[in-house]
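Undergrad: this one's sequence-less:
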Ligand code: SF4
Ligand code: FES
Ligand code: FES
């Protein structure tokens, strides 16, 4: 409300968006899909993967400029954005070829490559088993949302990788698995081995809490402690595994319905 | 390990996260490298996650996470120096001191590092010994540049020569 709006043309279609909207958000808001790898709506854009390239033109200012749409903020009137111009597509193709040279066996990249018409990548892969594309989603979710900063980028150039401090099991890791959840290439594995939750990539191995109702181990103790602090949840609630929580909630609800027949939920 | 020096450095610079690099530089001067415990202490005092401190310490060539020798030799392998044969000079230094690039001699006297352009290309090939620039280096000059420091080291420590360690470089180059 009261926001300044700007008009932009996306693939020839005029649209009005609040000033400062990113080109990516603007495009998606009108149903134009731009492929991304390092973007997540819940995290600060990072511009690492370069997949979201688009061509931006200022009418009367000659040829367009290739920018990463996830970090390009629309701040002026009348920009023309072409999400799939010849140049943008050609550059995007190169990006995927380079990513494939790093991670030849990542399915998602193979699929992207196929979509872009890459039959055979021009560059030879050095390693066959690498599956981290260094998008930084895991690092960012751990820092920005979970607030633990258990992992970070280390090294530089070809030596760049995500790791725990001093390559030792991270003391800050609570085993929440958010990193694995956001990782686009499934480079991080979470294992639940009864009473232990393990994230081998970070050397994490944590004691899990058993559900007080069914006895199933369902989440690391430290994670649940953090959660109950952060979300101000009733601690008792976190004594139950998600399935039992659902059952108990459903039972409470049904019992509650019977107790108050004037409930708005009625049949037919 | 005695971490009071870390506390002093932080005291001097202020416990401000934006002072991280300055603090790390001074800590490295105190300990000659960045010991793990010192980095953990810095993280704690500046209120920065250890992962971030590690990441920064790991990023810059100027920081070392492994002990360095008393003397630091840096050889430029930048383009200008490279085309004038700095790789042969590097080999010569490695042979003379029995140490690999990125490593430290067994007697802890010399660390040998490679750098990419020191901004003194006109003088190339360039070797920097303890901060002193030696331009227009040649294979035959290696001996004379190292001699004074080696002689002083030998006088101070008559038992050991500069034997090889094959020590790794930064932890990150694994
Ligand atoms: S591990 Fe996954 S989420 Fe983390 S940087 Fe690599 S690809 Fe991205
Ligand atoms: S999504 Fe924009 S650079 Fe990765
Ligand atoms: S290349 Fe050696 S100083 Fe520039």
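TA: Good, I have the coordinates. All values derive from a computational prediction rather than experimental measurement. Ligands and ions are numbered 1, 2, ... in the order given.
Undergrad: does the closest residue to residue B:115 other than its chain neighbours sit in a helix or strand, and which one?
TA: Counting by Cβ to Cβ, 6 or more residues apart in numbering or on different chains, residue B:74 is the residue found nearest to residue B:115 once chain neighbours are left out, at 5.1 Å. To be clear about C-beta, it is placed using only N, CA and C from the backbone, and glycine gets the same treatment. Using DSSP states H and E, residue B:74 falls within strand B:71-76.
Undergrad: Could you list every helix and strand in contact with that strand?
TA: With contacts taken as 3 or more Cβ pairs under 8 Å, 6 or more residues apart in numbering or on different chains; DSSP states H and E, strand B:71-76 sits against helix B:86-97, strand B:110-115, strand B:127-129, helix B:141-156.
Undergrad: got those as CSV, with mean neighbour count columns?
TA: Formatted as CSV, those follow (neighbours: other Cβ atoms under 10 Å in any protein chain shown):
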stretch, mean neighbour count
helix B:86-97, 19
strand B:110-115, 21
strand B:127-129, 20
helix B:141-156, 15
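Undergrad: Same list, these, but as a markdown table with distance to residue A:59 and mean pLDDT please.
TA: Shown next, in a markdown table, are the helices and strands packed on strand B:71-76 (distance: least, Cβ to Cβ, whole Å; pLDDT from 0 to 100):
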| stretch | distance to residue A:59 | mean pLDDT |
| --- | --- | --- |
| helix B:86-97 | 52 | 95 |
| strand B:110-115 | 47 | 92 |
| strand B:127-129 | 53 | 95 |
| helix B:141-156 | 62 | 88 |
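Undergrad: wait, which of these is closest to ligand 2?
TA: Of all the helices and strands packed on strand B:71-76, it is strand B:110-115 that lies closest to ligand 2, at 31.0 Å by Cβ to the nearest ligand atom.
Undergrad: Quick one: list the elements packing against that closest one.
TA: Strand B:110-115 sits against strand B:71-76, helix B:86-97, with contacts defined as 3+ Cβ pairs under 8 Å, 6+ apart.
Undergrad: And those: which comes nearest residue A:209?
TA: strand B:71-76 (51.5 Å; Cβ to Cβ).
Undergrad: can you list the residues of chain A near chain B?
TA: Residues of chain A lying close to chain B by Cβ under 8 Å from any Cβ of the partner chain are A:143, A:148-156, A:159, A:164-167, A:170-172.
Undergrad: What parts of chain A come near ligand 1?
TA: By Cβ under 6 Å from any ligand atom, the residues of chain A that approach ligand 1 are A:132-138, A:162, A:182-183, A:185, A:187-188.
Undergrad: between these, which is nearest residue A:258?
TA: Among the residues of chain A next to ligand 1, and counting by Cβ to Cβ, the member closest to residue A:258 is residue A:182, at 41.8 Å.
Undergrad: residues touching the closest one, list them.
TA: For residue A:182, the contacting residues are A:40, A:43, A:137, A:138, A:141, by Cβ atoms under 8 Å, 6 or more residues apart in numbering or on different chains.
Undergrad: quick one on the thing from earlier: which one, of the helices and strands packed on strand B:71-76, ends up nearest to residue B:33?
TA: Counting by Cβ to Cβ, and looking across all of the helices and strands packed on strand B:71-76, nearest comes strand B:110-115 at 9.1 Å.
Undergrad: Just the pLDDT for the residue nearest to residue A:214 when sequence neighbours are not counted.
TA: In this structure, residue A:214 finds its nearest non-sequential neighbour in residue A:244, 5.5 Å apart by Cβ to Cβ, 6+ apart. Per-residue confidence at residue A:244 stands at 92 (pLDDT).
Undergrad: Spell out which helix or strand contains residue A:244, please.
TA: Applying DSSP H and E as the criterion places residue A:244 in helix A:242-259.
Undergrad: Bridged to the most centrally placed residue in chain B, which residues?
TA: Chain B has residue B:72 as the residue nearest its centroid, 5.3 Å off, counting by Cα atoms, centre = their mean. Residues in a beta bridge with residue B:72, per DSSP bridges, are residue B:111.
Undergrad: residues touching it, list them.
TA: Taking Cβ under 8 Å, 6+ apart as the test, what residue B:72 contacts is B:110, B:111, B:113, B:128, B:129, B:130, B:131.
Undergrad: Kindly report the same for residue A:32.
TA: By Cβ under 8 Å, 6+ apart, residue A:32 lies in contact with A:10, A:11, A:83.
Undergrad: Point me to the residue of chain B nearest ligand 3.
TA: residue B:78 (2.4 Å).
Undergrad: Cross the contacts of residue A:182 against helices and list the overlap.
TA: Among the contacts of residue A:182, DSSP state H puts A:137, A:138 in helices.
Undergrad: and which of the contacts of residue A:182 is nearest to residue A:237?
TA: Checking these against residue A:237 by Cβ to Cβ gives residue A:141 as the nearest, at 23.6 Å.
Undergrad: quick one: that closest one and residue A:43 touch, right?
TA: Yes - the criterion here is Cβ atoms under 8 Å, and residue A:141 meets it with residue A:43 at 6.2 Å.
Undergrad: Would you mind telling me which of the two has more residues around it?
TA: residue A:141 (22 against 17; other Cβ atoms under 10 Å in any protein chain shown).
Undergrad: quick one: secondary structure of residue B:62?
TA: Three-state assignment for residue B:62 (DSSP: H, G, I helix; E, B strand; the rest coil): coil.
Undergrad: from memory it sits against residue B:29, does it?
TA: No - the criterion here is Cβ under 8 Å, and residue B:62 misses it with residue B:29 at 11.1 Å.
Undergrad: Quick check: which element contains residue A:55?
TA: strand A:53-57.
Undergrad: Could you do residue A:67 as well?
TA: Taking DSSP H and E as the definition, one finds residue A:67 inside strand A:65-68.
Undergrad: so does that strand get close to ligand 2?
TA: Yes - Strand A:65-68 lies within reach of ligand 2 by Cβ under 6 Å from any ligand atom, at residue A:68.
Undergrad: Not counting that strand itself, show me its contacts.
TA: For strand A:65-68, contacts defined as Cβ under 8 Å, 6+ apart pick out A:23, A:47, A:50, A:52, A:53, A:54, A:55, A:56, A:57, A:87, A:88, A:91.
Undergrad: Could you dump the helices and strands packed on strand B:110-115 into JSON lines and include distance to ligand 2?
TA: Below are the helices and strands packed on strand B:110-115 laid out as JSON lines (distance: least, Cβ to the nearest ligand atom, whole Å):
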{"stretch": "strand B:71-76", "distance to ligand 2": "34"}
{"stretch": "helix B:86-97", "distance to ligand 2": "37"}
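Undergrad: For those, could you give me JSON lines that also reports distance to residue A:192?
TA: Putting these into JSON lines (distance: least, Cβ to Cβ, whole Å) gives the following:
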{"stretch": "strand B:71-76", "distance to residue A:192": "49"}
{"stretch": "helix B:86-97", "distance to residue A:192": "50"}
